[in-house]
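*Asks:* prediction below, plus the sequence it came from.
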Amino acid sequence: MYITRATILRLSAALSIMSFDAQAQEPNAYQLFDPVVSVLQSPRCMNCHQSARPTQKDSMIAHIQNVVRGTAGLGAPTMQCIACHQEKNTADGKVPGARGWHMPPLPMVWEGLTSAQICHQMQDPKRNGNRKTPEEVIEHMRTDPLVLWAWDPGAGRSTPSITHDQFIERLELWAKAGMPCPDEQAAAR
């Protein structure tokens with residue numbers, strides 16, 4: 001059988017393209033956090049992961065009634081979060097709610113952080129709610145009523161860009177890879 005040089009070149013080019021396509025489809029370890037942080041930086045999460053006062057709506061405007069964090073993340077003593085936010089969405093979904101509604105502890109604030117900084121924070125028990133293992137981080141994201149609320153926010157609010165099941169799958173992939181974080185320059189882009 002005789003193969004021409006042109007045929008060999010065509011086959012070589014085709015194999016190179018196929019190899020390039022396979023590499024392009026497989027994310028590098030640092031990209032594994034991208035779908036995770038897309039959820040964490042959505043308004044559903046960011047509205048409460050604030051330092052001084054929560055924001056609200058998809059536009060993340062300052063919370064009406066001049067709501068503030070308070071010392072324990074429960075609101076001011078005279079206007080605690082649970083005064084309005086019940087165990088489920090109320091007023092036809094206009095007032096969001098989930099069991100234990102509160103702001104996260106100050107070390108868990110994501111306001112103003114890059115995706116790389118949030119990634120490193122999620123690995124640090126002092127800044128992630130004292131979760132010492134990737135499995136504990138995933139369990140929090142899998143079962144916490146406030147996290148789950150993001151996918152059932154009521155009243156026409158947007159949900160995160162991926163489903164909760166997809167979010168957990170992405171968290172598990174990221175954890176299995178060793179929880180790699182994007183570098184600061186790439187995260188700032």
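*Replies:* Yep, that arrived.

*Asks:* could you check how far the residue nearest the centre of the chain is from Lys88?
*Replies:* For the chain, the residue lying nearest the average C-alpha position, counting by C-alpha atoms, centre = their mean, turns out to be Leu40 (2.1 Å). For Leu40, the distance to Lys88 equals 23 Å [C-beta to C-beta, to the nearest Å]. Glycine gets a C-beta too; all of them are placed from N, C-alpha and C.

*Asks:* check Ser161 too.
*Replies:* 24 Å.

*Asks:* just want to know which of these two has more residues nearby.
*Replies:* Counting neighbours by other C-beta atoms under 10 Å for Ser161 and for Lys88 shows that Lys88 has the greater number, 15 against 12.

*Asks:* would you agree the more buried one is in contact with Ala98?
*Replies:* Yes: with contacts defined as C-beta atoms under 8 Å, Lys88 counts as touching Ala98 at a distance of 7.0 Å.

*Asks:* and Leu106, what is it in contact with?
*Replies:* For Leu106, the residues meeting the contact criterion (C-beta atoms under 8 Å, 6 or more residues apart in numbering) are Ser51, Arg69, Gly73.

*Asks:* any chance of these in a markdown table, with secondary structure and neighbour count too?
*Replies:* As requested, the contacts of Leu106 are exported to a markdown table (DSSP: H, G, I helix; E, B strand; the rest coil; neighbours: other C-beta atoms under 10 Å):
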| residue | secondary structure | neighbour count |
| --- | --- | --- |
| Ser51 | coil | 11 |
| Arg69 | coil | 21 |
| Gly73 | coil | 16 |
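
*Asks:* quick one: which of the residues you listed is nearest to Pro105?
*Replies:* Set against Pro105, the nearest of those by C-beta to C-beta is Gly73 (6.0 Å).
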